[in-house]
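Take this sequence and fold it.
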Amino acid sequence: MDTIPDLRSWGGADAYLRTCASRAVLDVIANKWVCLVLGALREETMRFGQLRRRLDGITQKMLTKTLRELERDGLVHRAVYPTVPPRVEYRLTELGQNLGRLMTEIRVWAEEHMPEIQEARERYDERAAQDPMPV
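Now for the predicted structure:
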């Protein structure tokens with residue numbers, strides 16, 4: 001059995017290596033709230049309250065954490081306007097728009113294939129609930 005070569009020699013990151021920094025990026029984008037925030041912000045610039053209402057089930061704490069992480073990674077721009085109270089708006093950066101397109105495709109795929117996944121889960125659960133058959 002051959003060992004998979006280190007792919008960095010062909011121009012960069014190799015997420016299959018545990019020390020690769022791209023894994024931190026994958027950790028961010030694998031989060032369901034990141035996927036949904038990016039999708040919501042692709043539609044329009046939004047304020048915190050609008051986002052929270054759009055993302056049913058997200059807590060204030062999780063939305064704050066997610067937005068800060070996305071801002072830190074250069075995917076979301078946070079604009080604060082000097083009003084009383086301060087108005088804060090969030091929009092995707094160009095990099096965020098690019099990733100947002102991919103995340104929208106993933107969300108759409110999940111919505112379209114949900115019935116098939118649910119059926120597969122039910123079949124699996126039925127098999128797992130049966131007593132094992134002797135070989």
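
from here on, contacts and neighbour counts on C-alpha atoms
OK.

how deep is Leu36 tucked in, by neighbour count?
For Leu36, the count of nearby residues is 18 (other CA atoms under 10 Å).

same question, the one 5 residues further on
Neighbour count for Leu41, taken as other CA under 10 Å: 20.

Please apply the same query to Leu67.
The tally of other residues near Leu67 (other CA under 10 Å) stands at 21.

check contacts around it.
Listed by CA atoms under 8 Å, 6 or more residues apart in numbering, the contact partners of Leu67 are Val76.

Secondary structure class of it, three-state.
Reduced to three states with DSSP: H, G, I helix; E, B strand; the rest coil, the structure at Leu67 is helix.

all helices for the chain, in order.
For the chain, the helices defined by DSSP state H occupy 22-29, 32-43, 48-54, 60-72, 94-129.

among these, which gets the worst mean confidence?
With a mean of 90, helix 22-29 has the lowest mean pLDDT of the helices of the chain.

Outside of it itself, list whatever touches it.
For helix 22-29, contacts defined as CA under 8 Å, 6+ apart pick out 13-15, 34-35.

quick check, nearest of the residues you listed to Pro82?
For the contacts of helix 22-29, the minimum distance to Pro82 (CA to CA) is 27.6 Å, reached by Val34.

Just give me the residue closest to the centre of this structure.
Cys35 (3.0 Å; CA atoms, centre = their mean).

so that one touches Met103, yeah?
Yes. Using CA atoms under 8 Å, Cys35 is in contact with Met103, at 5.5 Å.

circling back to that earlier point, now the contacts of helix 22-29: which count as buried?
13-15, 34-35 (16 or more other CA atoms under 10 Å).

possible to save those residues as JSON lines with distance to Tyr90?
What follows is the buried ones among the contacts of helix 22-29, written out as JSON lines (distance: CA to CA, whole Å):
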{"residue": "Ala13", "distance to Tyr90": "30"}
{"residue": "Asp14", "distance to Tyr90": "31"}
{"residue": "Ala15", "distance to Tyr90": "29"}
{"residue": "Val34", "distance to Tyr90": "13"}
{"residue": "Cys35", "distance to Tyr90": "15"}
